[in-house]
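S.K.: sequence first, then the predicted structure:
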Amino acid sequence: MNATATQEQSTSPEFCEGIQYFGENWPNFSELAAAPAIAQNQSAVSDSASAEAVYQTLLAADALRYLTLQVCGAKGSGHPGGFASSADAYAALVMLGHTNIVTEVGHHAPGFYSAMFLDTSLEAMGIKTVQQLRDRFRERHGLLGHLSGAIPGILAPAGPLGQGQHFAMAGAYLHRDTLFPFTMGDGGMGEPYILSSMMHFNTAYPQITNFLPVLIWNGYSQEHHAMVSTMSNEQMLAYWKGHGFKEVVLIDAKDFDDSGQQSAYVDSSYFSHEQRLAFTRAVIEGMDKAAQSALNGTLSCCIVKQMKGAGVHTVGSKSHNLYPGDTLDKPHIIEGLQRRALSPQAWELVRTNFQRAGGGPAAKTSVTEKELHIEPLQELTKQAFNLGEKAVPSTAMGALVAQVGKQDPRFVVTNADGNEASGMKNINEALMIRHPTEDALYHQGPDGQVYEPLNEDACAGLAAGLALFGSRGLWLSYESFAINGWPIIQTVSQAMAELRRKTPSTVCMFTAGALEQGRNGWTHQRPEIENYFAAMMRNGNTYPLFPYDANCIQVAYEWGTNSYNKTIAIMASKSPLPVYTDLEMAAEAVDKGAITLYESAAGENEIVFAVSGDMVFLPVFEAKDQLESQGYKVRIVAVVNPRRLYRPTDIAWDTVSEPDNAFMDDDHFNALFDGDVMIAVSGGPSATLEPVLLRTRAAKRDVFCWKRGETTASPAEIMQLNGITADDMCRRVIELSGK
């Protein structure tokens, strides 16, 4: 069937330059491959059961396997095995015209790149031949080792397991007539929230079923047998049906094996040609059934069960990764490539089908390749709180969130722990919690815009997915629990930094900071998440914001909502706190990065407090009173947008989409922070104050910040436990000043 002789490059299409091995035409090639199964001006095969469609789907699967192995072998690096067992499923989706494919398996990257090469999407980045594909794999300005939205035709990033379903559901929410398949592997099955998040989404949005999980059940994870490898087919079917899936299509390669393989997981590439076609027929027909079911209102999935590494150099976990010794001149790599070698005519046919599938190359037809129209927002109506009065910051922001939702019907607010508990009941009252049970007492109903799965990953995932795909969203969480959802925000932040289009920023707001949560104890006192935000500031597109009062938070939320390709994380209290500035000054604070809230009219030994937070200003102002009584001059500076306080050279601002090079210059910085003594104060960890500590000229300085949590009766007591008190600050100022 497949010969192993290398043919002259001159006999093959130009794009095949770099292919090392070609084969002979398969049996019946002249009959079943006489013309592309996807006809000209069509986007899919006309009949998934036709012999031509089946035959050419198998050709496509082997083409994907060949390219995946050769690309990885060219660098002795990368992950061919997982995608190899999904090649039949991927090829079937393409032949059926469903090309808006995402994945939660970053290790499938070389296979996805191979698909983007075959449909010519990669020509947008100058990759026109297989040799160029090989050369630029795992190279800077090339094809990075895991998927990224920077690659033409790729819809979403992939790396951490368990994230693919979020992107698929976000796509389905925004594009109701398009199918969004996403592939997941045995490793992803080990992440228990995947199915539960889809179950919750289906309960909240029962009419949105146009996403299709495609489980590649291959028996292995990265370095060992998969935990789900012990399940029987019946148990696997029951598992999915138990999570609300009504149509579960399972195709088991074992049912077609005529090669005598003993494992429950078999490699279909060792079947006879006739049985390979029979298996492929089952895959494309099963995929078509599942896809049509999903598009027609039924929660559906497709499971393809076959051995990991099917059709490449080895199988099982040993196929997962190539190492430096796994190069193209090694016998086991050569043998794997030669087994998959196709004829030049077959390569031409496969490429033509891929170019036509879905209406054209993914780089031109994927939903993420153009900006999504969103409702323009009118200026939000802000409430001007009076100086000195007390107001709840989170509630003030909630009123603006409600306005966004009223203007933009696609806008979704996600929250796992309850808006009302965060002082944001006004969001629920205006937008309603989305729930099949209508109940006015709890502000819930089937058409609500507030999505509340009890899992922070699911909350962060949908909000981040909507932003990445071009729509507005908002993730609200307790600061304490945010860490459970932040990894996908980090993933999307990096993707947004690389996009070739504008998209609304990912906006988050975290309430109930550590200082408020005394009686709940350390379980609710975990501000270390702010260190995560702080580290990401240097990426270039991440902005943690620390509004100091109810006026400032309104400006901060509006600023974030009107920004693009950024991640905005707002920290705020749900307690009534003093108002320090008007809205105009608050806008200056957000834009410039910091602002003076108070400065003594007179005094000696100038003391500067650089403060990030809101409730933590209470002991700072107490310290100010004590110090002034002792003759000190005090300036209190609110650090609101610390990203703006770095030096331009500290931040990779010029490497990201929608670059922002607004940084406070030295003159303005020094005017704010110069003093005889500087005390940096944070209600959380100190990392958010790094830019101030880097740039200050104050030789005498210290930091007061979070240390650890404990059960306490009041915020004052938890601050005392952490040494963030007026007495502690004054004592240190006196020591440093030598007065």
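M.R.: Alright, I've got the coordinates. Remember, predicted model here, so these are calculated numbers, not experimental data.

S.K.: residue 239 touches residue 195, doesn't it?
M.R.: Yes: with contacts counted by C-beta atoms under 8 Å, residue 239 reaches residue 195, the gap being 7.5 Å. Where you see a C-beta, it was placed from the backbone N, CA and C, and this is true even at glycine.

S.K.: which residues are in contact with residue 123?
M.R.: Not one residue lies near residue 123 by C-beta atoms under 8 Å, 6 or more residues apart in numbering.

S.K.: comparing residue 239 and residue 195, which residue is more hemmed in?
M.R.: Taking other C-beta atoms under 10 Å, residue 239 and residue 195 do not tie; residue 195 has more neighbours (20 against 15).

S.K.: how much space separates the more buried one from residue 125?
M.R.: 36 Å (C-beta to C-beta, to the nearest Å).

S.K.: and what of residue 604?
M.R.: 62 Å.

S.K.: may I ask you to confirm that residue 264 is in contact with residue 219?
M.R.: Yes: with contact defined as C-beta under 8 Å, residue 264 reaches residue 219; the gap is 7.0 Å.

S.K.: which residues do these two both contact?
M.R.: Contact criterion C-beta under 8 Å, 6+ apart; residues shared by residue 264 and residue 219: residue 229.

S.K.: out of these two, which sits in the more crowded spot?
M.R.: More crowded of residue 264 and residue 219, by other C-beta under 10 Å: residue 219, with 22 against 15.

S.K.: which strand or helix spans the closest residue to the more buried one other than its chain neighbours?
M.R.: Leaving aside its chain neighbours, residue 219 sits nearest to residue 265 (3.8 Å; criterion: C-beta to C-beta, 6 or more residues apart in numbering). Secondary structure from DSSP states H and E places residue 265 outside every helix and strand.

S.K.: and residue 265, how many neighbours does it have?
M.R.: 25.

S.K.: again, but for residue 592
M.R.: Residue 592, neighbours per other C-beta under 10 Å, totals 18.

S.K.: please tell me how far it sits from residue 640.
M.R.: Taken as C-beta to C-beta, the span from residue 592 to residue 640 is 8 Å.

S.K.: what's the answer for residue 647, then?
M.R.: 18 Å.

S.K.: hmm, back to that, can you give me the pLDDT of the residue nearest to residue 219?
M.R.: Looking at residue 265, its pLDDT stands at 97.

S.K.: show me the contacts for it.
M.R.: 217-220, 229, 253-254, 305-308 are the contacts of residue 265 under C-beta under 8 Å, 6+ apart.

S.K.: can I get those in a markdown table including distance to residue 42?
M.R.: Output for the contacts of residue 265, formatted as a markdown table (distance: C-beta to C-beta, whole Å):
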| residue | distance to residue 42 |
| --- | --- |
| 217 | 31 |
| 218 | 32 |
| 219 | 37 |
| 220 | 37 |
| 229 | 40 |
| 253 | 29 |
| 254 | 34 |
| 305 | 31 |
| 306 | 29 |
| 307 | 34 |
| 308 | 34 |
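
S.K.: okay, and which of those map to strands?
M.R.: Among the contacts of residue 265, the members found in strands (DSSP state E) are 217, 305.

S.K.: got JSON lines for the contacts of residue 265, with pLDDT and distance to residue 658 too?
M.R.: Compiled in JSON lines, the contacts of residue 265 are given as follows (pLDDT from 0 to 100; distance: C-beta to C-beta, whole Å):
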{"residue": "217", "pLDDT": "96", "distance to residue 658": "40"}
{"residue": "218", "pLDDT": "96", "distance to residue 658": "40"}
{"residue": "219", "pLDDT": "93", "distance to residue 658": "44"}
{"residue": "220", "pLDDT": "92", "distance to residue 658": "41"}
{"residue": "229", "pLDDT": "93", "distance to residue 658": "45"}
{"residue": "253", "pLDDT": "98", "distance to residue 658": "46"}
{"residue": "254", "pLDDT": "98", "distance to residue 658": "50"}
{"residue": "305", "pLDDT": "98", "distance to residue 658": "44"}
{"residue": "306", "pLDDT": "97", "distance to residue 658": "43"}
{"residue": "307", "pLDDT": "96", "distance to residue 658": "45"}
{"residue": "308", "pLDDT": "95", "distance to residue 658": "40"}
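
S.K.: and the contacts of residue 265, which two are the farthest apart?
M.R.: Distance extremes for the contacts of residue 265: the farthest pair is 220 and 254 at 15.3 Å, using C-beta to C-beta.

S.K.: avg pLDDT for the longest helix along the chain?
M.R.: The longest helix of the chain (DSSP state H) is helix 51-75. The average pLDDT within helix 51-75 is 97.

S.K.: residues touching whichever helix or strand comes after it, excluding its own?
M.R.: Going down the chain from helix 51-75, the next helix or strand is helix 81-84, by DSSP H and E. By C-beta under 8 Å, 6+ apart, the surrounding residues in contact with helix 81-84 are 64-65, 68-69, 90, 105, 107-108, 110-112, 185, 216, 218, 220, 308-312, 314-321.
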